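**Student:** Predicted model and sequence below, questions to follow.
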Amino acid sequence: MKALYTLLLMLSSLSAQTLQETIEQSISNNYQLQILEEEQGITEQQADIEGFWADPKVQIGINDIQADRPFSRNLEAMQNQYATYSQTIPLSNRLQVASKLEKEKVKVIEVRKEALKVEIAYNIRKAFIDASYSQKTLYILGNYITFLRRPMQLLINLASVERNSVEQYIKTELLQKSYQLKRQNALQRIDIAKEQVELIGNFKIDSFSDEVALKHYEQSNLEELLARVQESPTLGIATALEEVAKKGVELAQEREQADITVTGGVYQRFDRNDYVSFSVAYPLYTHGKQQKQKVQAMRRANIQELTYKKTSVELEQGLKITLHELKALYQELKLLKESRAKIKKLIANAKANLSVGGSLVHYYELFSQKTNNALAINQKEYSIALIENRITQLLGEIE
């Protein structure tokens, strides 16, 4: 009784996951998304840090120190004690631009998070598609393996009646073993799909309760799909990086204006009045470093502009090519379904002819063709689902 209770408790803890539930939980548990969250927090703080002035410096000292009595000012009239305060002051908007640059980097991380969510959803859908294809394969093979078990002895007995029936028996037996291996492969693919979900979402799934619905992109307007591609996070990353590069050019321009350092101090002397000093320091020359860095920043901006164009072309052409592949698959699927209808008619005719001396061997051969056709249709539908999943990824959509 206790063992039964334990088993029931274990079964109650397992629940089939819907596609949407799995995607949401995977996004919630994904480690890489959590890493990006931390990086975003760091970059947001860095944006505040970049806006601060350099830390001020305080200096305290003594001039003309006597070796025998270092802290006695009455032995040396020139000795003085002093305290100075210095501060570097920017003469440009360098700090503000540097802070804005970090804020643009925050936007890059935000878009990368969205792109990662799209990637997670893509991989979860693929796992569900793999599991669905494998389950349909199991159904097709299971039915046919059961069907094949019946004619084995009958085919041997027909050796004296129908020519080549023993040969057909051997072929049937080999076919049965082949289908059993395919069945094992399908079971393994389901296990792999479960492992894939655990890898992405950091949680276990016991079964796949629904299928990925087809969106029939082949019927969609191409211009509309191309417009949706422009909203893709993949292209959004390229756009955000382009803005970062532009801010880098602006920052390099601001850095061409050097900072000044202002220093003020109070000096105390023994035999004379105390006095106050003030000075301003400015770089004599910078060896053209800032100008060269500006050129480097402009080149980086050019690279990001080219990267944006390259990414845009890749997404658009990738979408067009994938749509062509999808339409070709649907045409091939149509032919397979037409073949299925013809095979069903042949099976019906062969069955009707059995009562008037028709070939039983031919009847079972047609059932083999029917099974192969069903497997081919399943394979084609699997390819269509994968192509549609790829288009959804190109569009940058999660659902």
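**Tutor:** Okay, I see it.

**Student:** what is the rounded mean pLDDT of the helix or strand harbouring Ser279?
**Tutor:** Element membership for Ser279 (DSSP states H and E) is strand 275-281. Here strand 275-281 scores 91 as its mean pLDDT.

**Student:** ok, which stretches of the stretch 251-399 of the chain are helices?
**Tutor:** Counting by DSSP state H, counting those that start in this stretch, the stretch 251-399 of the chain has helices at residues 289-353, 360-394.

**Student:** Identify whichever of those helices lies nearest to Asp259.
**Tutor:** helix 289-353 (11.6 Å; Cβ to Cβ). In this view, the C-beta of every residue, glycine as well, is placed from N, C-alpha and C.

**Student:** Distance of the residue positioned nearest the centre of the chain relative to Asn389?
**Tutor:** What sits nearest the mean C-alpha location of the chain, by Cα atoms, centre = their mean, is Glu119, with 3.2 Å. From Glu119 across to Asn389, the span is 12 Å (Cβ to Cβ, to the nearest Å).

**Student:** rewinding a little: so which of the helices of the stretch 251-399 of the chain is the most surrounded?
**Tutor:** Highest mean neighbour count among those (mean count of other Cβ atoms under 10 Å): helix 360-394, with a mean of 19.

**Student:** what is the orientation angle of that helix with helix 289-353?
**Tutor:** Angle of helix 360-394 versus helix 289-353, following axes from the mean of the first three to the mean of the last three Cα atoms, to 10 degrees, is 160 degrees.

**Student:** quick revisit: which neighbours does the strand holding Ser279 have in its sheet, and in what orientation?
**Tutor:** strand 260-269 (antiparallel) (DSSP bridges).

**Student:** Flag every buried residue along the partner strand.
**Tutor:** Of the residues in strand 260-269, Thr261, Thr263, Gly265, Tyr267, Arg269 count as buried by neighbour count, 16 or more other Cβ atoms under 10 Å.

**Student:** could you give the mean pLDDT of it?
**Tutor:** On average, strand 260-269 scores 90.

**Student:** so where's the chain shaky on pLDDT?
**Tutor:** 1-16, 64-79, 148-174, 270-272, 354-361 (pLDDT under 70).

**Student:** quick one, strands of it?
**Tutor:** Secondary structure of the chain, counting by DSSP state E: strands at 57-63, 80-89, 260-269, 275-281.

**Student:** Now do the buried residues in the second one.
**Tutor:** Neighbour-count burial for strand 80-89, counted by 16+ other Cβ under 10 Å, picks out Asn80, Gln81, Tyr82, Thr84, Ser86.

**Student:** Mind giving me the packing neighbours of that strand?
**Tutor:** Packing contacts for strand 80-89, counted by 3 or more Cβ pairs under 8 Å, 6 or more residues apart in numbering; DSSP states H and E, involve strand 57-63, strand 260-269.

**Student:** got these as a markdown table, with distance to Tyr31 columns?
**Tutor:** A markdown table is the format used below for these (distance: least, Cβ to Cβ, whole Å):
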| stretch | distance to Tyr31 |
| --- | --- |
| strand 57-63 | 43 |
| strand 260-269 | 46 |
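
**Student:** so which of the ones you listed comes closest to Thr43?
**Tutor:** Here strand 57-63 is closest among the helices and strands packed on strand 80-89 (Cβ to Cβ), at 28.3 Å.

**Student:** Are there helices or strands packed against that closest one, and which ones?
**Tutor:** strand 80-89.

**Student:** ok, residues contacting the strand it packs on?
**Tutor:** Identification of contacts with strand 80-89 by Cβ atoms under 8 Å, 6 or more residues apart in numbering yields 53-54, 56-64, 73, 259-269, 277.

**Student:** If we use 10 Å, what do you get?
**Tutor:** 53-64, 71, 73, 259-270, 272, 274-281 (Cβ atoms under 10 Å, 6 or more residues apart in numbering).

**Student:** Are any of these buried, and if so which?
**Tutor:** Arg73, Asp259, Thr261, Thr263, Gly265, Tyr267, Arg269.

**Student:** Distance to Gln291 added to those residues, as CSV?
**Tutor:** Converted to CSV, the buried ones among the contacts of strand 80-89 look like this (distance: Cβ to Cβ, whole Å):
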residue, distance to Gln291
Arg73, 49
Asp259, 17
Thr261, 22
Thr263, 28
Gly265, 35
Tyr267, 40
Arg269, 46
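
**Student:** Out of these, which is nearest to Leu91?
**Tutor:** Asp259 (6.3 Å).

**Student:** quick one: the closest one and Glu38, what's the gap?
**Tutor:** 32 Å.
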